[in-house]
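Engineer: Fold the following, please.
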Amino acid sequence: MDWEKQESRNILGWIRGTDPVLSEKIVVINTYYDAMSVVPARAPGAEMACGIVGMMKLAEYFSKYPPKHTLLFLASSAHHLGFRGICDFLSRHSRKEKHFAALMTEPLELPLFISLDLTSQTDEIGVWNSTRNFYYKRFFTPFGKSLVHYSEAIAERFDLDPADALIDGINPKGGMNWDMYIPGKILKTDGEVVLEAGTPALSLITVNDARFRVDTPLDKPEHVNFENLTGQVRLLAGVLDLGLNSEDFLPDYKLDPDDRMRGLQGFVRTFPRLSITPDRSRPGAVASLRMGNDKSIKGVRRVYYDIADENGEFYMPGIAERRVDVKAFYMDPESGEITYAPNHGRQARIYRGEFNMDWWISKRTRILFPCIATDFYDTVDPRYLTKLTSISVLGPGNTAPQEYGYAIGFGPEEPVGTIFTTPGERIKIVMREREIGVRYLLLNSKSAESVEVARGDGFQILQHGGAFIRSSFQAAKDMWTLNEARMRELAKYSIENQRMTNLHDQAKEHLDLAEEAMQDKKWDLFVKHTRAGMGLESRAYPDVKSTQNDVIRGVIFFMLLVIPCAFFVERLLFTFSDIRVQIGGFGVVFLVIWIVLAQVHPAFDLSNPFVILLAFVILALAIFVIAIVSGRFHDNIRQLRTEEVLLHDTDVGRISASVAAFQLGIANMKKRKMRTGLTFATLVLLTFTVLSFTSIKTTLDFHQLPLDDTEGKYPGLLIRSQFWGPLEDTAYDYARINFFDQGEIAPRSWYVTRDLKKTPIETPEKSTKVLGIVGLSVNEPAVTSIDTLLSHGRWFEEGEIACILPGKIAGLLKVEPEDVGKKSVRLFGKQLKVVGLIDAEKMRDLKDLDGEMLSPADFKLTDDEIISQMTQQESREKQGLEQPQLENMPFEHIDPDDVAIIPYKILREVGSPLQSVAIRLREGVNVEEQVKEYVSRLSVVVYAGIPGEDGKIQVSIYSSLGWGPLPGLANLFVPILVAALIVLNTMMGSVYERFREIGIYSAVGLAPVHIAFLFIAEACVYAVLGTVSGYLLGQGVIKILLWQELLQGLNVNYSALSTVISSALVMVVVLLSSIYPARQASMMAVPDVTRRWKLPDPEGDHWHFEFPFTVGGKDVFGLSVFLVDYFESHMGESMGAFYTDGARFGSVEAATGAGYTIDTTIWLAPYDLGVSQQVHFEAVPTGEHNIFAMTLTIDRLSGDVASWRRGNQGFMNALRKQFLIWRTVDPGNRAKYTEKGRELLSAPAAAVNA
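Structural biologist: Predicted coordinates for the structure are as follows:
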């Protein structure tokens, strides 16, 4: 078929109302008159024509009996092409948004729009308010009640049950909701579009009809049930006649919904030759815009199309979605091949097709380029069975071409794609899946002789209509070849990953079998082995890549240790005094170590050594710059705070003192060369030993969770979600291909809602409702022997339209045993012959491999939070973020007496998802081997029934997991213990040897912690130098052994994790061995002095003591004001050690002279204890040397005594810190405090300076 832009017409007909007042109110009755099919040239549309037939009959009736309201009959066209007909009607007559209202040619005031969507397979009809927005429900509720009331009034005349004559879908009864009346995918009506444009709309719809033949070439007149259609039209005529002649039919209040529809004006352009401006139009291009996840809903296409005019412009109205993706293609008029496609290259990147509809009429330009289209297939993640969505197109040099494009299938049902390239271009295709990484490669690899060759030359595209034949096989081969080349490169250095090798070898076996099957034209075996090989190799691919990256990461981590190592070497060997020479020496040492490492470590051959150096330098500089910026930021904030509120804080020199102690410790090591050298040699040997004995051995392990209380009914496996979520269709497809020659495969489907809404099922005599419907295949008896549970009749036959009922439902429908094979029931609008009755009691006892019934799970009895958590967990597993978790959570199931069983294919046509796949393996097949082989390449959790020696079938849950143990660690206990004792002995000897030295350090004011830091510094130097030197020694020995070919059959471990563990182990041993000596040294510094000031005991609720600080007369005034500010800064706070009600500064006269006082009320943390106190601070002269003593008086106001005493310890520590901080305040700020104090006391300067 050719793409053509044809004009279609909406047909309007008027019937003027008979009432002079009500005739001014126009009610629109609308339906569509076009048809659609998956084969557009064959669209009989018999069921689709029911709506227009019904409307014509209504028009005929109301022309004879005109109602009081004016009627506008609208037969719209292009309904199935994205509602184009109704959108055109609205744009001419009824838009609310001012931009579109100004463009209307004949505005109409439409208080109500009634849309018809009728079919004939049931005689039930319902009224719906065309939206799921609860806001509109209050307006439409009276309509639903009125129409139901009218139907009840006339039902008996038409031999209808008044209770069910018309379904009120606006206010459903019996716990139902509207979606339950429309089986399968949700119906889209013209009324929804009208409401989106701001006009109130109702929809009158045939319910409980799944519309099986709609949108197919089978929708022919012979399948129309004219009796049902006639009944619906008669009921509608009666109901509408009563409503349209009622003065109360339209409410007095007016609903004014927002007009939310948008329009898209697009431009299709190309780049002229030798131009950088895309200003050449491309007339005749077909623009497409997809709205929503579904391509089609009951025949209504959700992809909008338009053809660009002679100026390359197109327009799409009626867009309700906010996020859209517009594309455009030009097809050759003769061949139909796509010759121009959207350009995704750098030149057209700014003209992206995906955007938000932020304007009423959005404008978008799509840039096309001349191209050749090539198809590729099977774009399914071979491990997680999800469709791949991210694609990269590479040209020569493994960079994106200047011009290219692609289109990939949407949703799991479209695992295909098309690449658009310029003629003659060589391309490669890489597909990824978010965090999982690369899953699909098309490289055209010819050989694995080197990585460069294995990356392939790409495929040269020369003609239209091409395709990558056997895409998945080619992708598997290309991925295998690239992995083989990389593994050979790793093997040169004796680097091997056991799991990676096993998966790679298994994939090769399957690919060889696939090639053999292809030669023999055994296509089922070809697909089976191709998918198996692809699954295994795609799992090995990240292992190969990560092994290479792991080696490089190990070097980068090691280079981080080289920085302190180079610094320590310069301090120990050279000790330059000039800072410039120090930096030069540091750089030389660092460069020497880097050169040595580059000669012995394979990472520099696997990657560019300068790239490694550059990566390391960038990382080091980033950390350095962040540290500088962060330090400067904190300094500036502290300075601003000090300037604004005169509050001060300081480090009191601890960092600088620690650095000095560290330097001193290194200098002491240089004095004792023999001891330092021997200890260093010990640690070098320890590092070498640790590296020799530790390795990361990656294996493929199988998680198995036995279900001890479950005995399997059959040998085989059950594939299902752990929380009974829907499976991808590819899960059944892969199982069918993998096990078709080894057993029977039975897919299952359910039709059930989480809130257990009921589904009607009926015979001509009776009707009832079921809680759930199970879809089972003709193979089910071969798997579970379910046919033995039938009390009457037989199981389904292939292609049969039938059902099997439990006794309870059969009794309610009056289906007797003698009626089996004769009577039919109507379900989803389809007549299903009852071919069997099943014993519900026996079905309750039939348990699958998971120990649960075959009926649908009862989600209403399961905690929604648990289901949500399990859903998120499974979603993360599919994204590769987590390994599958084995957990058996049993679900309650709907009683088999409340379900109906129908063929699997029929239930899938309704729209129900795949729920599980059961496989019964034939006798002689090794079940455990097949299960492990299957889960080794797929990220699935399966229930496996494995026959035991006693003949019983043991059920276990299986999944596979790659993991890396650390063999050899147990052998390191003795050498680590010996090294730890050597370091401990060395450090203890150093402590006692330097007894007098420690005393001198203490005498000159070095704190005990800084003295301890002298020995910690020595330990750090030993740890870093020993680790770096031992690692270099180990890599050097390996290099020599490889050179001499003495490592045949042995694998070398260059793992980053191994490097980290080895280095961390050595350094932890050294540092832990130095803690006790360092503590002993700090205790020797102050053997008899109390290190912490202790508060005296209070006298009842009164506490009076002298604070352990004295202050000179010049500073006491400023210090007092400084403390006042400190207390006032804690006013109203609810955090920190305390808060106050402010502070009051005053003066006092004592016998020794004038002094100063501070009074405040303080509440102590934790505040829920209710501890408060009155604090009086007094600074009075001692009478000697102009020294002031500080006394503190505290009176408890509230809170218990124990909490009061305990809380004051933190308060005193905070107060003591302020005295220390005062010593760091500069003279300028001290003067400010003095000035502020004068203002507080309102005293002359002379009095203050006295």
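
Engineer: which ones are touching Met518?
Structural biologist: Going by C-beta atoms under 8 Å, 6 or more residues apart in numbering, Met518 touches Arg470, Phe473, Phe526. The way it works is simple: take the backbone N, C-alpha and C, and place the C-beta from them, glycine included.

Engineer: Kindly state the pLDDT recorded for it?
Structural biologist: Met518 carries a pLDDT value of 93.

Engineer: Correct me if wrong, but it is in a helix.
Structural biologist: Yes. Membership of Met518 in a helix is supported by DSSP: H, G, I helix; E, B strand; the rest coil.

Engineer: From Leu511, how far off is it?
Structural biologist: With distances taken as C-beta to C-beta, to the nearest Å, Met518 is found 10 Å from Leu511.

Engineer: what touches both of the two?
Structural biologist: Taking C-beta under 8 Å, 6+ apart as the contact rule, Met518 and Leu511 both touch Phe473.

Engineer: What subset of the contacts of Met518 is buried?
Structural biologist: In the contacts of Met518, burial by neighbour count holds for Arg470, Phe473, Phe526, counting by 16 or more other C-beta atoms under 10 Å.

Engineer: could I get the contacts of Met518 as a markdown table with distance to Gly836, pLDDT and secondary structure?
Structural biologist: Output for those, formatted as a markdown table (distance: C-beta to C-beta, whole Å; pLDDT from 0 to 100; DSSP: H, G, I helix; E, B strand; the rest coil):
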| residue | distance to Gly836 | pLDDT | secondary structure |
| --- | --- | --- | --- |
| Arg470 | 43 | 89 | coil |
| Phe473 | 43 | 94 | helix |
| Phe526 | 39 | 92 | helix |
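
Engineer: What is the nearest of those residues to Tyr65?
Structural biologist: Arg470 (67.6 Å; C-beta to C-beta).

Engineer: now that closest one: how far from Gln506?
Structural biologist: Distance of Arg470 to Gln506, given as C-beta to C-beta: 20 Å.

Engineer: repeat for Ala491
Structural biologist: Counting by C-beta to C-beta, the gap from Ala491 to Gln506 is 18 Å.

Engineer: Kindly report the same for Leu112.
Structural biologist: In terms of C-beta to C-beta, Leu112 sits 67 Å off from Gln506.

Engineer: just Gly144 next, same as before
Structural biologist: Noted for Gly144: a distance of 62 Å to Gln506, by C-beta to C-beta.

Engineer: Over to Gly318?
Structural biologist: Separation of Gly318 from Gln506 (C-beta to C-beta): 54 Å.

Engineer: Please, where are all the helices along the stretch 751-900 of the chain?
Structural biologist: Applying DSSP state H, counting those that start in this stretch to the stretch 751-900 of the chain gives helices spanning 780-784, 807-812, 840-845, 864-878.

Engineer: Can you give me the buried ones in the second one?
Structural biologist: Right, the one you point to is helix 807-812. The neighbour-count check on helix 807-812 (16+ other C-beta under 10 Å) flags Gly807, Lys808, Ile809, Ala810, Leu812 as buried.

Engineer: wait, doesn't Leu255 sit right on Tyr136?
Structural biologist: Yes. Assessed by C-beta atoms under 8 Å, Leu255 is found in contact with Tyr136 at 6.9 Å.

Engineer: A strand includes Ser288, no?
Structural biologist: Yes. Assessed by three-state DSSP, Ser288 belongs to a strand.

Engineer: which residues touch it?
Structural biologist: Here Ser288 is in contact with Val303, Tyr304, Tyr305, Val326, Lys327, Ala328, Phe329 (criterion: C-beta under 8 Å, 6+ apart).

Engineer: which two from those residues end up farthest apart in space?
Structural biologist: Longest span within the contacts of Ser288, C-beta to C-beta: Tyr304 and Phe329, 14.0 Å.

Engineer: which ones are touching Thr788?
Structural biologist: Pro781.

Engineer: Check it and give its pLDDT.
Structural biologist: So, for Thr788, pLDDT stands at 94.

Engineer: And this structure, what are its domain boundaries?
Structural biologist: Split into domains by automatic domain parsing, the chain comes to 11-244, 262-484, 654-699+970-1091, 711-961, 1102-1249.

Engineer: Can you lay out these as JSON lines showing distance to Ile618?
Structural biologist: Formatted as JSON lines, the domains of the chain follow (distance: least, C-beta to C-beta, whole Å):
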{"stretch": "domain 11-244", "distance to Ile618": "52"}
{"stretch": "domain 262-484", "distance to Ile618": "22"}
{"stretch": "domain 654-699+970-1091", "distance to Ile618": "18"}
{"stretch": "domain 711-961", "distance to Ile618": "28"}
{"stretch": "domain 1102-1249", "distance to Ile618": "38"}
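
Engineer: what's the least confident stretch among these?
Structural biologist: The bottom spot among the domains of the chain, by mean pLDDT, belongs to domain 654-699+970-1091, with a mean of 73.

Engineer: to the chain's geometric centre, what's the distance from that one?
Structural biologist: 44 Å (C-alpha atoms, centre = their mean, to the nearest Å).

Engineer: ranges for the helices of the stretch 601-750 of the chain?
Structural biologist: Counting by DSSP H, counting those that start in this stretch, the helices of the stretch 601-750 of the chain are 603-606, 609-645, 654-671, 673-693, 729-739.

Engineer: Could you list the buried residues of stretch 1223-1230?
Structural biologist: Using 16+ other C-beta under 10 Å as the test for burial, stretch 1223-1230 gives Val1225, Arg1230.

Engineer: Quick one: end-to-end length of it, please.
Structural biologist: 10 Å (C-alpha to C-alpha, to the nearest Å).

Engineer: What of stretch 277-284?
Structural biologist: 21 Å.

Engineer: what about Met518, distance to Asp741?
Structural biologist: Met518 is 17 Å from Asp741, by C-beta to C-beta.

Engineer: what does Arg260 give?
Structural biologist: Taken as C-beta to C-beta, the span from Arg260 to Asp741 is 55 Å.

Engineer: Between the buried ones among the contacts of Met518, which sits nearest Asn10?
Structural biologist: Arg470 (49.2 Å).

Engineer: Now do the same contact list for that closest one.
Structural biologist: Contacts of Arg470 by C-beta under 8 Å, 6+ apart are Met518, Thr530.

Engineer: Gly989 too?
Structural biologist: So Gly989 contacts Arg675 (C-beta under 8 Å, 6+ apart).

Engineer: tell me which element it falls in.
Structural biologist: helix 973-993 (DSSP states H and E).

Engineer: Next SSE downstream of that helix?
Structural biologist: helix 995-1003.

Engineer: Against which helices or strands is that following helix packed?
Structural biologist: helix 1008-1043, helix 1056-1085 (3 or more C-beta pairs under 8 Å, 6 or more residues apart in numbering; DSSP states H and E).

Engineer: Flag every buried residue along it.
Structural biologist: So for helix 995-1003, counting by 16+ other C-beta under 10 Å, buried means Glu997, Ile998, Tyr1001, Ser1002.

Engineer: between it and helix 1056-1085, how big is the angle?
Structural biologist: 80 degrees (axes from the mean of the first three to the mean of the last three C-alpha atoms, to 10 degrees).

Engineer: can you give me the angle helix 995-1003 makes with helix 973-993?
Structural biologist: Following the same axes, to 10 degrees, one obtains 70 degrees for the angle between helix 995-1003 and helix 973-993.

Engineer: how far away is Thr199 from Arg844?
Structural biologist: Applying C-beta to C-beta to Thr199 and Arg844 gives a distance of 53 Å.

Engineer: Show me which of those two is the more surrounded one.
Structural biologist: The neighbour comparison of Thr199 against Arg844 (other C-beta atoms under 10 Å) goes to Thr199, with 25 against 16.

Engineer: surely the more buried one meets Phe113?
Structural biologist: Yes. The pair Thr199 / Phe113 is scored as a contact, 5.4 Å apart, by C-beta under 8 Å.

Engineer: And for the residue lying closest to Lys932 once chain neighbours are set aside, the neighbour number?
Structural biologist: Leaving aside its chain neighbours, Lys932 sits nearest to Phe702 (5.6 Å; criterion: C-beta to C-beta, 6 or more residues apart in numbering). Neighbour count of Phe702, defined by other C-beta under 10 Å: 14.
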